[in-house]
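Peer 1: Sequence and predicted structure are below.
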Amino acid sequence: MSLSIGKALKWWKKGIQPNMKEINSAQDFVDSLLSAGDKLVIVDFFSPGCGGCRALHPKICQFAEMNPDVQFLQVNYEEHKSMCYSLNVHVLPFFRFYRGAHGRLCSFSCTNATIKKFKDALAKHTTDRCSLGPSKGLEERELVALASNKDLSFDYTPKPKPLPMPDLEEEEEIASEPALPANMEFTLLSTLNATQEAEEKLLLATSGR
């Protein structure tokens, strides 16, 4: 009897479909989102002790079975509390939808009583679409939050902020010196010539003595 109890599947492992995966770490979570390509990814945040999560689990498995092209990621809140805290997940059951270059599409909490919210989001975001560019995954601020969390072994180098483009008009004004008026140039030249003549006269007068 004790052997059969020991082998009993935990409720969140029952009914698991091929397109359902339990996340093991922050790095696994980030990599799973990025490697999903253009697939719709649904992240299911749950807790073993959450009654609402347990009651909703069989329906989530049904949705996964009916939508084999959708990737479902399961995040156990009890095992990854610190990561969930960095991702601002504080209510369970909680779901986030991601897709390709669009990144996060929506996030919400729902139970069996409000399952229509999940159905509507699934119907909306499973429509055929193509997002140009590589998968975005988590937002920049979330990646930075995970990297700064000392409880997680996750490294991330923030993307350098693009330098502001210089204002071409201001740059031209700085580069070019203001031109002197024509009459001002003539006045300066006349003054220079008069000074040179006076110096020459003084030199001649001195040598004559």
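Peer 2: Received, thanks.
Peer 1: If you average pLDDT per helix and strand, which one of this structure comes out bottom?
Peer 2: Within the chain, confidence by mean pLDDT, DSSP states H and E is lowest for helix 2-6 among all helices and strands, at a mean of 51.
Peer 1: so what strands line up beside the helix or strand just after that one?
Peer 2: For helix 2-6, the following helix or strand on the C-terminal side (DSSP states H and E) is strand 20-22. Partner strands and pairing direction for strand 20-22 (DSSP bridges) are strand 71-76 (parallel).
Peer 1: Run through who's touching the strand it pairs with.
Peer 2: Contact with strand 71-76 is made by 12, 17, 19-23, 29, 32-33, 36, 39-48, 60, 63-64, 83-84, 89, as judged by Cβ atoms under 8 Å, 6 or more residues apart in numbering. Any C-beta I mention is one placed from the backbone N, CA and C, and that applies to glycine too.
Peer 1: Out of the residues you listed, list just those in strands.
Peer 2: With strands taken from DSSP state E, the overlap with the contacts of strand 71-76 comprises 20-22, 40-46.
Peer 1: Any of those residues buried? List them.
Peer 2: The neighbour-count criterion (16 or more other Cβ atoms under 10 Å) marks 20, 22, 40-46 among those as buried.
Peer 1: roughly how far apart are the residue nearest the centre of the chain and Ala36?
Peer 2: Central residue check for the chain by Cα atoms, centre = their mean: the C-alpha nearest the mean position is that of Glu139, 2.5 Å away. Distance of Glu139 to Ala36, computed by Cβ to Cβ, to the nearest Å: 16 Å.
Peer 1: now do Gln27
Peer 2: Using Cβ to Cβ, Gln27 is found at 15 Å from Ala36.
Peer 1: So if I had to pick from those two, which one is more boxed in?
Peer 2: Shown here are Gln27 and Ala36; by other Cβ atoms under 10 Å, Ala36 has more neighbours (18 against 15).
Peer 1: and that one, what is it in contact with?
Peer 2: With contacts defined as Cβ under 8 Å, 6+ apart, the neighbours of Ala36 are 71, 98, 100, 135.
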